[in-house]
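1. structure for this input, please:
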Amino acid sequence: MTRACPPKSNRSSPSPPFWKLFTHGPALCLTAHARRTLKPVGAVFASLPDWTYQHPLCQADPHLSDLLATTALCVYGLAVTPHYRRQGIARTLLTETETRARSTRYRLATLIHKPELAGFYQRLGYTTAHHITVLLPDAAMGLTQPQPFMTAVKPLHPSVHVRTVHGAPGPVVTGLLPGCDLPPTARFRSGRFIA
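-> Sure thing, here's the model as predicted:
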């Protein structure tokens with residue numbers, strides 16, 4: 001795999017050791033090439049999730065924003081040219097991205113996708129839904145996509161889990177940050193988690 005130049009970003013790079021993941025500032029871009037022609041046939045682009053600095057909870061707490069930016073990674077684009085699809089190229093690109101993220105201590109991979117791709121991402125270990133909640137120390141952050149798009153999340157660390165909580169509007173990510181776990185008996189009622 002080789003590197004390609006991603007678009008410029010206004011976000012500064014995370015602190016070490018997280019910067020090791022990125023190939024271009026705060027972005028990772030990997031490409032796949034055809035063996036005989038070396039023509040690019042696939043690419044993946046990943047970076048800091050927009051929600052780590054755009055969500056109101058993160059805007060109110062820059063420390064939380066920085067912490068989430070060094071624990072969650074967003075895959076913004078994964079593409080393979082039509083002639084080369086169904087050969088495992090997308091799977092390989094995504095797996096390599098996850099491997100690099102794990103090696104630099106990222107704990108969660110996220111992405112946004114169209115509903116027709118839900119099965120593909122589910123086969124790769126992602127949980128997909130229109131609404132996913134990320135449990136934080138003193139709050140919960142909802143990640144909701146406009147229709148028809150969906151969010152997909154995949155734990156990259158053994159302490160991170162995606163759970164179903166009775167009453168919650170969708171899957172719940174727990175363990176992303178220390179102290180962000182729920183007991184198995186937890187419920188979601190009136191916009192709050194009840195242990």
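
2. state the distance from the residue nearest the centre of the chain to residue 56.
-> Nearest to the geometric centre of the chain sits residue 110, at 1.7 Å (Cα atoms, centre = their mean). Residue 110 sits 18 Å away from residue 56, going by Cβ to Cβ, to the nearest Å. Quick note: C-beta positions are derived from backbone N, CA and C, even for glycine.

3. check contacts around residue 58.
-> Listed by Cβ atoms under 8 Å, 6 or more residues apart in numbering, the contact partners of residue 58 are 51, 52, 64, 65, 68.

4. also residue 176?
-> 68, 71, 72, 107, 108, 134, 135, 136, 160.

5. any idea how far it lies from residue 161?
-> Residue 176 is 9 Å from residue 161, by Cβ to Cβ.

6. just the contacts of residue 58: which are in helices?
-> Mapping those onto helices (DSSP state H) picks out 51, 52, 64, 65, 68.

7. next up, identify which helix or strand the residue of the chain most remote from its centre is on.
-> The centre of the chain is farthest from one residue, residue 36, which by Cα atoms, centre = their mean lies 32.8 Å away. Taking DSSP states H and E as the definition, residue 36 sits outside all helices and strands.

8. quick one, helices of the protein?
-> 51-54, 56-60, 62-69, 89-103, 118-123.

9. tell me which of the ones you listed sits nearest to residue 156.
-> Residue 156 sits nearest to helix 89-103 of all these, at 4.9 Å, using Cβ to Cβ.

10. and the nearest residue to residue 95 once chain neighbours are set aside, what pLDDT?
-> Excluding its sequence neighbours, the residue lying closest to residue 95 (Cβ to Cβ, 6 or more residues apart in numbering) is residue 124, at 7.7 Å. Note for residue 124: predicted pLDDT of 94.

11. thank you, goodbye.
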